[in-house]
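# here you go, sequence then predicted model.
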Amino acid sequence: MKRLSCVVAMLAAASIGAGAANAQTGKVSDDVVRIGVLADMTGIYSDLSGKGAVEAVRMAVEDFGGKVLGKPVEVIHADHQNKPDIGANLARQWFDTGSVDLIQDLSNSAVALAVAAIAKEKKRHIVVNGSSNMGITNQACSPYAVHYAYDAYSLAHGTGRTVVEQGGDTWYFLTVDFAFGHGLEKQVTDVVTAAGGKVLGSSRHPLNTTDFSSFVLQAQASKAKIIGIASTGADAINAIKSLAEFGGTKTQTPAALLLWINDVHSLGLDAAAGLQLTNAWYWDMNEDARAFGKRYFDRVGSMPNMSQAADYSSTLHFLKAVEKAGTDDPDTVSKVMREMPVNDMFAKGGMIREDGRMVHDMYLWEVKSKAESKYAWDYLKPLGTIPAEKAFQPLSQSTCYLVKK
């Protein structure tokens, strides 16, 4: 009997040891952590997202050491072509057969919303850095979706509120006709009217419009003091140039609601000087940002914008969460991501709320004049800081099912 007990004990110990070994090797599913960058690689937003987003994610993986929990971290990428169906299909393939743990960037709000639905269904992570639509942390929220860099609320309460406070109390919008533009126009409209201003109308134009003449003429006819540019990238650049060509900027002031450092570079300081914009980050804002910006420039040939900087930061945050969790299990990682603060070159004291919104300070900037700019990519000067608690939609207003009220 004693001999049998010893044998049973040895078998039990062996079983426990095997179980521990299996648990050890099972910490990372498929023995790899795979990050997919789903971005606009060739279209209207490729300069804002594109290869720059891919390189930012690669830099984060390299800086982390290329491995997590002893397993390699791989980066893949694809072009969603600014089409929600293509983005959703790619996300589904990546999650179903590609063993992708995290989808990054997601420029284009319609694409981001479509992919958020797939992420919720498949219980896999996405981080949205290239889109502003607030549905990501409201009706489309889930434990697996994080909205990291900025959103329509932060832009509206930065540029919109400041312009109204400075006397710009009548507005007309030139709005790109899809989810991003609609959401941005609505948020700024709410801010303007709450501050006592009026919105006199809007013109909605297709994505990637080159001829703004009819839209600009409608804006001029409105006699509004402010022309709100509810678009970004090439659309915003073309709208601002058209306003200048038609003489609109002599009697009306354009307000760029989402202007990027890349847009300023394309416009040039002669055309962009004096424009105010809200951004989460600027490459020359402090020593940490400058160090990252210069490393990035050496790889890409341009300075990073706030979305690309956020791609880097949020990739590091995800990998740190996997490491701390001891697994890439999505639910466990989601919990840890929301417990850990964000303290890096992108944000100090940032936190991911239960609705998936990463809250952090936002900043109001003004484009420098040529005389003020002293070196390459020296484009912005700070006007003020919008503290984290005021920069983003309060949880009390959220419609996310995860928020307990």
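Received, thanks. Residues are numbered from 1 along each chain as shown.

# contacts and neighbour counts: CA atoms only from here.
Will do.

# which ones are touching the residue nearest to the spatial centre of the chain?
Residue closest to the average C-alpha location in the chain (Cα atoms, centre = their mean): N129, at 1.6 Å. Shown in contact with N129 (Cα atoms under 8 Å, 6 or more residues apart in numbering): Q104, D105, L106, S107, H147, Y148, A149, Y150, S307, Q308, A310, D311.

# now G197: how far from P254?
In this view, G197 and P254 are 16 Å apart by Cα to Cα, to the nearest Å.

# looking at these two, which is more packed in?
P254 (23 against 18; other Cα atoms under 10 Å).

# partners of the strand or helix carrying the more buried one, with directions?
For P254, the element it lies in under DSSP states H and E is strand 253-256. Paired strands of strand 253-256, with direction, are strand 226-230 (parallel) (DSSP bridges).

# need the contact partners of the strand it pairs with.
168-176, 181-182, 184-185, 219, 236, 239-240, 252-258.

# which of these are buried, as a ChimeraX select command?
This is how ChimeraX selects the buried members of those, with burial counted by 16 or more other Cα atoms under 10 Å:
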select :168,169,170,171,172,173,174,175,176,181,182,184,185,219,236,239,240,252,253,254,255,256,257,258
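
# in the stretch 301-405 of the chain, which spans are strands?
For the stretch 301-405 of the chain, the strands defined by DSSP state E, counting those that start in this stretch occupy 351-352, 358-359, 362-367, 380-386.

# who wins for proximity to P394 among those?
Between P394 and the strands of the stretch 301-405 of the chain, the shortest gap by Cα to Cα is with strand 358-359, which sits at 10.2 Å.

# packing partners of the closest one?
In terms of contacts (3 or more Cα pairs under 8 Å, 6 or more residues apart in numbering; DSSP states H and E), strand 358-359 is packed against strand 351-352, helix 388-391.

# any idea how far that strand is from the chain center?
How far strand 358-359 lies from its chain's middle: 11 Å, per Cα atoms, centre = their mean, to the nearest Å.

# which neighbours does it have in its sheet, and in what orientation?
Strand 358-359 sits in its sheet next to strand 351-352 (antiparallel), going by DSSP bridges.

# and the partner strand, how far out from the chain's middle?
14 Å.

# so M59 makes contact with Y312?
Yes - M59 lies in contact with Y312 (Cα atoms under 8 Å); the separation is 6.9 Å.

# isn't E74 up against D30?
No - contact criterion Cα under 8 Å: E74 and D30 do not qualify, at 11.9 Å.

# between these two, which one's more packed in?
Each of E74 and D30 has its neighbours counted (other Cα under 10 Å); E74 has more, 15 against 12.

# so what sits opposite that one in the bridge?
Here E74, judged by DSSP bridges, has bridge partners R34.

# how about the residue nearest to N279 when sequence neighbours are not counted, what does it touch?
Using Cα to Cα, 6 or more residues apart in numbering and skipping residues adjacent in sequence, the residue nearest N279 is Y363, 5.6 Å away. Contact partners of Y363, counting by Cα under 8 Å, 6+ apart, are G158, T278, N279, A280, W281, P382, L383, G384, T385, I386.

# how much space between Y363 and G160?
Distance, Y363 to G160, by Cα to Cα: 13 Å.

# same check on I227?
From I227 over to G160 the distance is 11 Å, taken as Cα to Cα.

# quick check: what element follows the helix or strand hosting A110 along the chain?
For A110, the element it lies in under DSSP H and E is helix 109-122. From helix 109-122 onward toward the C-terminus, using DSSP H and E, the following helix or strand is strand 125-128.

# so, low pLDDT: which residues of the stretch 151-300 of the chain?
Along the stretch 151-300 of the chain, the model assigns pLDDT under 70 to residues 248-249.

# how about the helices in it?
152-155, 161-165, 179-194, 213-221, 233-245, 248-251, 261-267, 269-272, 287-300 (DSSP state H, counting those that start in this stretch).

# looking at those helices, which one is packed in the most?
Sort those by mean neighbour count, taking mean count of other Cα atoms under 10 Å, and helix 152-155 sits at the top with a mean of 26.

# name the residues that touch it?
Here helix 152-155 has contacts from 132-134, 183-184, 187-188, 257-258, 278-279, 362, 391-393, using Cα under 8 Å, 6+ apart.

# swap in 6 Å and give it another go.
S132, L184, Q187, T278, A391, F392 (Cα atoms under 6 Å, 6 or more residues apart in numbering).

# name the nearest residue to the second one, ignoring sequence neighbours.
Same thing as L184. A152 (5.1 Å).

# about what we covered before: possible to save the contacts of helix 152-155 as a markdown table with distance to I44?
Listed next are the contacts of helix 152-155 as a markdown table, based on distance: Cα to Cα, whole Å:
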| residue | distance to I44 |
| --- | --- |
| S132 | 16 |
| L184 | 18 |
| Q187 | 23 |
| T278 | 21 |
| A391 | 27 |
| F392 | 27 |
